[in-house]
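Asks: The following comprises the amino acid sequence and a computationally predicted model.
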Amino acid sequence: MDKALRAEQRRRHLRNYLPHLPGDIIKILAMLIFVFPFYWMLITAFKTYKESIIVPPTLLPYSFTVDAFITVITKLNWFTYARNTIVVTLSVIVLQLLVMVPASYAFSKFRFYGQGLFFGVVLVAFMIPTQITFITTYMTMADWKLLKTLWPQIIPFGANAFGIFLLRQSFKQIPDEIVESAKLDSASELQIMTRILLPMSKSAMITIALFSFVGHWNSYFWPLVMSITEEVRPLTIAIEKLKEIEYGLQWPQIMAGNVLLVLPVVIIYIFASKKIIQAFAYRGMK
Amino acid sequence: MANKKPIRICANVLLTISVLLIGYGFLGVRINQTNAPVPSSAFIDLTKRIGVPMIIAGVVLLVTAIVLGNTTIQRRTHLSDYFPYLLIIPAIAFLMVFVVYPMLDVIYLSLFNGTVLTPTKRWLGTSNFEALFTVRRDFQVALKNTAVYTVSMVVGLIALSLIFAIWLQKDRKINSVAQTVFFTPHLVASISCAFIFQWIMSGESYGLFNTVLRLFGVPKVDWLNNANTAMGCIIFMNLWKNIGYYTLIIMSALKSIPTEIYEAAELDNASTLRTFFKITLPLLSPQIFFLLITITTGSFKVFDSINIMTGGGPGDATEVLARYIYKYAFKLNKLGVASAAGVVLMVILVLITLIDFKGLEKKVHYQ
Amino acid sequence: MKKLVSLVLAVIMVLSVCCVAAMADDEPITVTIWHTRGSGKNGDRILASIEEFNNTIGKEKGIVVTESYQGNYVNTKSAIMNALGTGDQDIIPEIVVLERAAGVPDFAIEGKLVDLTPYVEASGIDMENFQQALLGFSYYEGELIALPYIRSTPVFYYNKTVADELGLKAPETIEDMIEFGKKMTLVENGETVRYGVYMPNDPAWFIANMMWQMNSALFNDEGTRIPCLEDGCLEKALTAWRQWVDEGWFAVPVPTGVSATEQFSLGKFGAIFNSCGSMANILSTAEFEVGVCFLPYWDVPSAPTGGGNIALLKDNPQEYIDAAWEFVAFLMSDEQIALEATKTGYLPTTKTSIETDVIKELWAEHPQYQVAFDQLANGHELPWCEFKADFEDQMTIICGQLIQSKEIDVATAMQKLNEAAENIYMEYGL
């Protein structure tokens, strides 16, 4: 009796699933397409130089070697660069948090004169590319005697216009009554921000933090201009160093460097993705 | 009560004057600081002398305007009404120093023919701007290319993220895996992407694109050397990189739409297309509006990917504004021209954002 | 909250360590060199020079040299300009490596480079000893403002193994090259497996050189006009170039990120116009015998030069400049120049350096290196010209449209070039 029941169940599951099949096949194809460049980067990092340039390229490396990784880590000042990238990225996020939350709170939950003007300043800041601001900011940093430190890669980004904008939208969607009742319970402004608004804006916060993290981890142009000594250079500059102009491109080393650059971010993302999806789901509950 | 309007107008006027004064004072200070060879006249000499006082006057007027303006907003003003200003001071301070000040500086420098070493070598007035739009063909080309790139990215990203978001909406295992996979390109640095895609888009027969073409019996294409396809390749790569991120944003918005609305629509026998356009889209409008601004301004700044993949080529098919500015500032040693191009870029971005804001803010529905 | 505070404190601590490290005590004088030599053989070489100096002369005289890689020539130039703009001597480096034609003039004209004449005399360096062809951008208004450092010249590399099989010898004139290229081209199944010849889209080097070969010039000696536009030579060269590409045996320049030398080593090109700086890499990667010969010439043999010069920046305390000179003098010694030439592919810059055993051995084992050096006898240098960068930029774009994407034909290209020249004359009041 049981067997027949289970067989029937299986058939039903299959029937229910069948309409999904074509869509899923396309999804899997799409995923493969998306993932392919990574795969390419990964296998090239494990090839020897000779194998990396043969034509047509091999999809499965014949020679499996970690030479490229070893060369990259030993030749470049890997740990200094990695330390710099980590310190800069984390510092930026912390600084932005401290600056962004009060500002978004003000723009979303208060009415004050000149609101439009000041928010306009934020919006304008959002738009301006770094190629325009960097020379002047470089001079400012020089005036403040900060050029040989990590600060020029951190301070200019203190006000994250994108973050203020997104967070304001998120705060706006939190009903005013909640804030009112908290005030009636004699909650301080700080408590309102940290105990009420922030927890209810988890998905926005995570979006902003993620964007900021990835953006600064991978930023190349700004550190290039602002870091004039080796001690304060981040990983992205190191990888640029691998590209030798007169000597041809050492693909395995370049790819190994890139793999090492992207690995921490991917790891964090995979671990955090559960939380991210949770956070996004939470928002659905009203 | 009835007196509010004139006070309001007064406050607005004071605010405007204060901003103008601060800008004017800044000009005076800057002329002095840089010993600029500005054509001399009574007006200029006056400006040079009263730079700092003007800034101070401007700030005083600003505070007055704020105090005055606030009386029109609150019933009775308490000191605590000024609390929001405290909240925004850090953000505004950072923005003033690191964004507004450089912007003003760039506008100032665009009026000269200078180099990075001597930014104010020769006074030109608005000649730089005239030249940009008449003689400097390469600027016009860069402008055009940037516009093409931006429009493609905006349309492509918004359309594709909407499609992807709806496609991956249902709570199934394969969908959450797909979400993660589609998001990962965002984590890769532009410079790394460029290295990888160079091989994929290689003009040789073994390049991935050409291999696919070969499967269909189509002859190979020199993707990055062809003026028609080069920009397309850059767009393709940046789409790949960014879709996942924007899909995530839209998906989170989708999840916050209460299912009751969809159920009601079903009861009314609404078709999927109708549901999409009449219900889903309007409810997503805050996010789409936000994406519009983000993607537009982000696309105007494109630099790294082009620098590595095509270097602006072939010819000038992929030359864009950000590269133009950098090239003129350093390679060609013409800071004035670079600054003028920068000003044009800023004006375009401000206009676009204003249009976005005014035009679409009306259409945005907040739940 | 606690975690946040401790994180902030940790960050502050790390940052202050960085600050302290930067303010190291300066008992020995520390001078810095900003350069363009990335990792690999190029970067290793400069690190080795610095280490050797620090352990010998540096120790004696209390000088420590440190280095900072700044990227390619344009990035390095921009970094130096920014640094000079701050006026802060703590930031401004003492020694800089500048591209000889695209970097040196911008700083010389602003008066930022130290006059090395007294130093050169004091150290007993004979300027006559230098390859005269390499001194084009060393003098400005009577002052010696830069010395040749990492200099190169392009040569004609070819696949000698295949050439021997086909019974071909190294081409000398352009006609030779055309025949050579056509014969070296290999087409299989309608696809060109090997192109006869490859030339990059670098008109400032190759087209400029062709103009000298036609007894014309890209810029006249005073740096006020572009003669090759007016005497038809430029048109002749561009017509030929486009024709060769259309005929199918002359390869189209590859996009920015692709390495043409790599393709050559893989046998994709039968011959390649490329800098002698790639010599070491090509010789080690190619699986065939690599032949090197002079650039094929039109009417008269000629060869351009390229690479970086080394200079000292004025905006530094006098004793630092003096100390920096010690390192530059060290680099100008025959031993260092010889080492440079053997480890990389850069040219030996002085006549006496080729007498050293190191160079003799190198040339005995790899005669290809000597070809680059011998070609200097035909060396030509561009004149000082204030609109050089402008016109070269336009040329590169227009040649790209003519040869790479083939959007325009020669007539349109000439029209655009003439238009560009007119605009430039107007802009500079010429």
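Replies: Done, it's in. Residues are numbered from 1 along each chain as shown, chains lettered A, B, ... in the order given.
Asks: is it true that C:G38 lies in a strand?
Replies: No: C:G38 sits outside any strand when classified using DSSP: H, G, I helix; E, B strand; the rest coil, being coil.
Asks: Tell me the backbone dihedrals of it, please.
Replies: Per-residue torsions, C:G38: phi -70, psi -160 (degrees, to the nearest 10).
Asks: Next up, the contacts around the residue nearest to it when sequence neighbours are not counted.
Replies: Leaving out its chain neighbours, the residue that sits closest to C:G38 by CB to CB, 6 or more residues apart in numbering or on different chains is A:K241, at 4.7 Å. The way it works is simple: take the backbone N, C-alpha and C, and place the C-beta from them, glycine included. When contacts are counted by CB atoms under 8 Å, 6 or more residues apart in numbering or on different chains, A:K241 touches A:76, C:38-39, C:43, C:69.
Asks: Let's see that with 10 Å instead.
Replies: A:K241 sits next to A:75-77, A:81, A:233, A:257, C:37-40, C:43, C:69, C:71 when contact means CB atoms under 10 Å, 6 or more residues apart in numbering or on different chains.
Asks: and what of B:G342?
Replies: B:G342 makes contact with A:128-129, A:131-133, A:135, B:102-103, B:105-107, B:109-110, B:321-322, B:324-325, B:328-329, B:335 under the criterion CB under 10 Å, 6+ apart.
Asks: Mind doing that once more with 6 Å?
Replies: For B:G342, the contact set (CB atoms under 6 Å, 6 or more residues apart in numbering or on different chains) comprises A:132, B:106, B:325.
Asks: Specify the local secondary structure of it.
Replies: Secondary structure, three-state DSSP: B:G342 is helix.
Asks: Now it. Nearest residue, chain neighbours left out?
Replies: In this structure, B:G342 finds its nearest non-sequential neighbour in A:I132, 4.3 Å apart by CB to CB, 6+ apart.
Asks: part of a helix, is the one you found?
Replies: Yes: the assignment for A:I132, made by three-state DSSP, places it in a helix.
Asks: you'd agree it is up against B:L104?
Replies: No: using CB atoms under 6 Å, A:I132 makes no contact with B:L104, being 11.2 Å away.
Asks: Pick out whichever of these two has more residues nearby.
Replies: Using other CB atoms under 10 Å in any protein chain shown, the more surrounded residue of A:I132 and B:L104 is A:I132, with 26 against 17.
Asks: Distance of C:I178 relative to B:G298?
Replies: When distance is defined by CB to CB, to the nearest Å, C:I178 is 49 Å away from B:G298.
Asks: and if you look at B:N70?
Replies: Distance of B:N70 to B:G298, given as CB to CB: 36 Å.
Asks: same question, B:V181
Replies: 22 Å.
Asks: Show me how the record splits the chain into domains.
Replies: I went with chain A, as the question did not name one. Listed domain ranges for chain A are A:2-66, A:76-241 (source: automatic domain parsing).
Asks: oops, I was thinking of chain B
Replies: Following automatic domain parsing, one finds the domains of chain B at B:4-83, B:137-361.
Asks: Quick check: which of those is buried the most?
Replies: Among these, domain B:137-361 has the highest mean neighbour count (mean count of other CB atoms under 10 Å in any protein chain shown), at a mean of 19.
Asks: Show me what the mean pLDDT comes to for that one.
Replies: Average pLDDT, domain B:137-361: 85.
Asks: what's the spacing between that domain and its chain's center?
Replies: Distance of domain B:137-361 from the chain centroid (CA atoms, centre = their mean, to the nearest Å) equals 13 Å.
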